[in-house]
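Participant: here's a sequence, model it:
(2 chains)
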Amino acid sequence: MKLAAFPRIALAGVVLAAACYVGARSIGPVPPLGAFLDPAKGVWAVAVNAELPEHANAGVSALTDSVLVIYDHRRVPHIFAATEEDGARGLGYVVARDRLFQLELQSRATEGTLSEVAGSEALSYDRSQRALGLAWSAEQHFATLDSTSETFRLMAAYAEGVNAWIDQLGPADIPLEYRLLGAHPRPWRPVYTLYLMRQMGQMLAYSRQEEARERVAQAVGEAAMRALFPQHSAIQEPIVPGDRGPYPRFDPMTIPPPTLESSPNIALHRPPSPIVRLSGADAEAPALASNNFAVASSRSATGNAILAGDPHLELTLPSIWYEAHVVVAGSNYDTYGVTFAGNPTIIIGFNRNVAWTFTNTGADVTDYYEEQLDDLERPSRYLLDGQWQPLVVRIEVFHGPGGEPLATDTIYHTHRGPIREWHDGRHVSMRWTTLDTTNTAASVVNVTRATTATEWLEAMEEHGAAPQNGLVADRDGRIGIVSAGLYPVRSGSGVGTNVWDGTSSANDWQGYWEPDQRPQAIDPAQGFLASANQEPVDPRASDRYLGANWWTPWRALRINELLRENDAVTPEDMQRYQLDPGSPRADLFVRAFIEATDRIVSAGRSDADIDVATALLANWDRRYTRENGGAVLFELAMNELTARLWDEFGDVRPRPSETALWQLLQDPQNIWWDDRETTDRVEDRDEILGASLQAALHDARERYGSPGSEEWRWERRRHANIYHLLRLRSLSALGISMQGGTSTINPSSGSGVWGASWRMVVELGAEISAQSIYPGGQSGNPLSRYYDDRITKWQYGELDPVSFPRTPEDLDHELTTAILVLRPARPQ
Amino acid sequence: MRFALKLALLALAFALGSAFLGWWSVPAIGVLWGAVAKRNAYPGLTAASAAGLAWAGLLLLVAVQGPMWMLADKVGAILAIPGWLFIFITLAFPTLLAGTAAVVGEATSNVMESR
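Facilitator: Just a heads-up that it's a prediction; the model follows:
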């Protein structure tokens, strides 16, 4: 070898070694490039596998008979099985085939093991999840399940279906997200279904209102806090139709003045310009704004009951929902609807006789107990009824992607639940129904088999956490609703808004409400039922504590208004209502602004801006349509108004609801109206309303130009943003213009990440006629045409007619896009 | 003509190796090629070209079977690079591996021979 060639060879050797290194090892967020770039088995294979093959066969051990899966033109699998367990195996298989990464991500998010795939960036989230103990309680619950119970068998069968798909995955079949993370799918355990239910409990029924109330009380005083965050809503449009109406009923009460001396640290400054809030300030606040409504045969144009539902959850790609149809031959198990990836049955949907849907109840099912510990640094016991009781100690170890330990936490439990440190250093334990052993999984199974509304309501008696307003309609034209769930029986007054003394067992929950005590109604005289997260029962009918600080029932007001004025409702009406742009909130507050500015003008204190702003508001039709140019000014004025009115709160959160704001409108001289920045005078209601409107116009001009310009159009200001599960923008659908605004039936939150996760309208005639849509698509593969194919229809409120065949032969073969046959296979 | 045939056969070897054995077959075949083809002019360049061609052919198969360009755009966006650059990197990677491996293979073979 010539010496002159040495540098070239050495360079080649170094480059080769470096290329091999980056090919085999991940560097920072970049996965190992060799396997990643491989055109045959690497990331490029995701494109090859974007669509399902037209015909496929697979073996699934434990199947009792073959399962036929026919995918229709909307990529909805119709699963025909011999037994319910085989149906669950089929469902598990097809969900894994379409949503494998979502399955794993959800279970890991609940379990607090995201760091194992995402690294230390997820550690903080994992720690908070494990501190809550969701997976821990699910494991305990699972250990108590009877392995012969239907719930257990279905969860196990579902896991067999998921794992059958995972077991036969080739290198080319790994979903994109795993490749990006350099991870590999893990097997699915049956207990992950219970994880999923606890995750829903966390999203829908986890509350720290006691802590928030304490913060607010410190800021504005106990009396003001109680009035601003009351047990009952001052605007009543209850879910359970009452006889204390007419509804809606407005019950204003006087709001006591703030006691500011209790809050020396509250900043005496106005929050930054509220203008930014129009696009994103409420980004963090969950906007659970679900609706459901139904008409009985008496108010339907065809004489058939009609049911509509649109649960509002965080919008993601792939969607939280997966649409499916499971038919078990020779039984009444023939259910269509949507399920969460990881659940062995349909959650919302219909069978041949009934249709059902849910909204969140928002009940208070979490309590906190101040505990006395024997040692604050290394506690081992807590005081209860004068005796020291041992703490249960849970050690949680966190690992990174390579299995390396990242952290270790010690979680202490009393008999009530996990202990955490409160905002002021106190140690409180948490009692939460979501951590209890509940029968929710069984109720989810049983409701799918109900043949009448009454049977469905009975099946819901087993529902535990999170409490849901379950609405049902049947083919006999009957409708019913129940606020189902476990509601604690508390000691004393039964109210659970304050932190309890943990040293006394007398403060423990005494049990749960009996099923017949839960808010419910069937076949009301009015012929319709509706829920939109409002207070379920009129407190004049029953003031038993269910929760506090209920959402202002703007959506409920509008839905009830629409249903009251229509005694011949059609499915098309129901579909239109789901995107209705009307707003009782705007009706009420626009009038308040205009009346205030009229009085300002009469008093000779007006100026040109106020005149212009008033005219703009007066000419607005108070509808949040895309092209509308009036909503921008109104929303800015509302932001200005709340910032000025609640200046006593400083940085303290949460702020009072708009029900409290409406109550103060009835009290023009209340000291709450005073602007604390002006120390030489005391403002009243009209001055604050006028100043808010004036400032809103100023801000709107500055940001969006002259009134009437394109930038004022509502579609330029509010959007739905559907992020991919990993928040990867190129896999997300962002900036989707929507019809709907704050507190309309189809509300549009500032961040746009919450919205109608599913819309469904079902008419229960001799045959079921149903339509549905959700924002996304059935496939979890971002390269598939079924990844986001439904978004445009969803955006414009369109619904797809659904196919609901009784047998494979009933399905229109022209609309069949793929067939999968699962056959019994010997266990490996 | 002989060179073209050699190039095609070598590209086929890289393609089959990648498809059935994985990416690491590229440097392995490159080293072997360098060792056995040392009397040829520029064995490194030949191996690099063949490996690039092989993966380009495999990418062409991907494009026939699925939305390859969409994938390039989406993954490129995740990596904050244009889609075409992601394709370029995909082709540059085996080119680099095979070319340098062939040079190292040739040199190793020469050393062994001289002993």
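Participant: please report phi then psi for the one residue sitting closest to the centre of chain B.
Facilitator: Geometric centre of chain B, nearest residue: B:Ala51, 1.9 Å, by CA atoms, centre = their mean. Here is the backbone geometry of B:Ala51 (degrees, to the nearest 10): phi -70, psi -40.
Participant: which residue packs closest to A:Leu406, ignoring adjacent ones?
Facilitator: Excluding the flanking residues, the one nearest A:Leu406 by CB to CB, 6 or more residues apart in numbering or on different chains is A:Phe398, at 4.5 Å. Quick note: C-beta positions are derived from backbone N, CA and C, even for glycine.
Participant: that neighbour: what's it in contact with?
Facilitator: A:112-113, A:115, A:123, A:126-127, A:130, A:405-409 (CB atoms under 8 Å, 6 or more residues apart in numbering or on different chains).
Participant: of those residues, select the buried ones using a ChimeraX command.
Facilitator: Applying 16 or more other CB atoms under 10 Å in any protein chain shown to these, the buried members can be selected in ChimeraX as follows:
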select /A:112,113,115,123,126,127,130,406
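Participant: neighbouring contacts of the lowest-mean-pLDDT helix or strand in chain A?
Facilitator: In chain A, no helix or strand scores lower on mean pLDDT, DSSP states H and E than helix A:440-446, which sits at a mean of 75. Outside helix A:440-446, the residues that touch it by CB under 8 Å, 6+ apart are A:149-151, A:154-155, A:193-194, A:197, A:343-345, A:347, A:459-465, A:484.
Participant: whichever helix or strand comes after that helix packs against which elements?
Facilitator: Counting by DSSP states H and E, the element after helix A:440-446 in chain order, helix or strand, is helix A:453-459. For helix A:453-459, the elements it packs on are strand A:354-360, strand A:468-474, strand A:479-484, strand A:520-522, judged by 3 or more CB pairs under 8 Å, 6 or more residues apart in numbering or on different chains; DSSP states H and E.
Participant: save those strands as a markdown table, and put in mean neighbour count too.
Facilitator: Output for the helices and strands packed on helix A:453-459, formatted as a markdown table (neighbours: other CB atoms under 10 Å in any protein chain shown):
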| stretch | mean neighbour count |
| --- | --- |
| strand A:354-360 | 29 |
| strand A:468-474 | 29 |
| strand A:479-484 | 27 |
| strand A:520-522 | 19 |
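Participant: what's the closest of those to A:Val601?
Facilitator: Among these, strand A:354-360 comes nearest to A:Val601, with 42.9 Å by CB to CB.
Participant: now for the closest one, which elements pack on it?
Facilitator: strand A:291-295, strand A:305-310, strand A:348-350, helix A:453-459, strand A:468-474, strand A:759-764.
Participant: what do you get if the cut-off is 6 Å, keeping everything else the same?
Facilitator: strand A:468-474 (3 or more CB pairs under 6 Å, 6 or more residues apart in numbering or on different chains; DSSP states H and E).
Participant: ok, the strand it packs on: who's next to it in the sheet?
Facilitator: Note on strand A:468-474: by DSSP bridges, its sheet partners are strand A:354-360 (antiparallel), strand A:479-484 (antiparallel).
Participant: redo those as TSV? Include mean pLDDT.
Facilitator: TSV is the format used below for the strands paired with strand A:468-474 (pLDDT from 0 to 100):
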stretch	mean pLDDT
strand A:354-360	97
strand A:479-484	98
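Participant: can you tell which of these is closest to B:Ala37?
Facilitator: Per CB to CB, nearest to B:Ala37 of those: strand A:354-360, 69.5 Å.
Participant: span of stretch A:340-357 from start to end?
Facilitator: 14 Å (CA to CA, to the nearest Å).
Participant: flag every residue of chain B that's near chain A.
Facilitator: Residues of chain B lying near chain A by CB under 6 Å from any CB of the partner chain: B:18-19, B:23, B:55, B:58-59, B:62, B:65-68, B:70-71, B:74, B:77-78, B:90, B:93, B:96-97, B:100-101, B:103-104, B:107, B:110.
Participant: one more time with 7 Å
Facilitator: Residues of chain B lying close to chain A (CB under 7 Å from any CB of the partner chain) are B:18-19, B:22-24, B:27, B:55, B:58-59, B:62, B:65-68, B:70-71, B:74-75, B:77-78, B:90, B:93, B:96-97, B:100-101, B:103-104, B:107, B:110-111, B:114.
Participant: point out the ones among those that are inside helices.
Facilitator: B:18-19, B:27, B:55, B:58-59, B:62, B:65, B:68, B:70-71, B:74-75, B:77-78, B:90, B:93, B:96-97, B:100-101, B:103-104, B:107, B:110-111, B:114 (DSSP state H).
Participant: give me the buried subset of those residues.
Facilitator: B:18-19, B:27, B:55, B:58-59, B:62, B:68, B:71, B:74-75, B:77-78, B:90, B:93, B:96-97, B:100-101, B:103-104, B:107, B:110.
Participant: go through the strands paired with strand A:468-474 and name the closest to B:Thr46.
Facilitator: strand A:354-360 (66.1 Å).
Participant: next, the angle from that closest one to strand A:305-310.
Facilitator: 30 degrees (axes from the mean of the first three to the mean of the last three CA atoms, to 10 degrees).
Participant: any idea which helix or strand comes after strand A:354-360?
Facilitator: Next along from strand A:354-360, by DSSP H and E: strand A:366-370.
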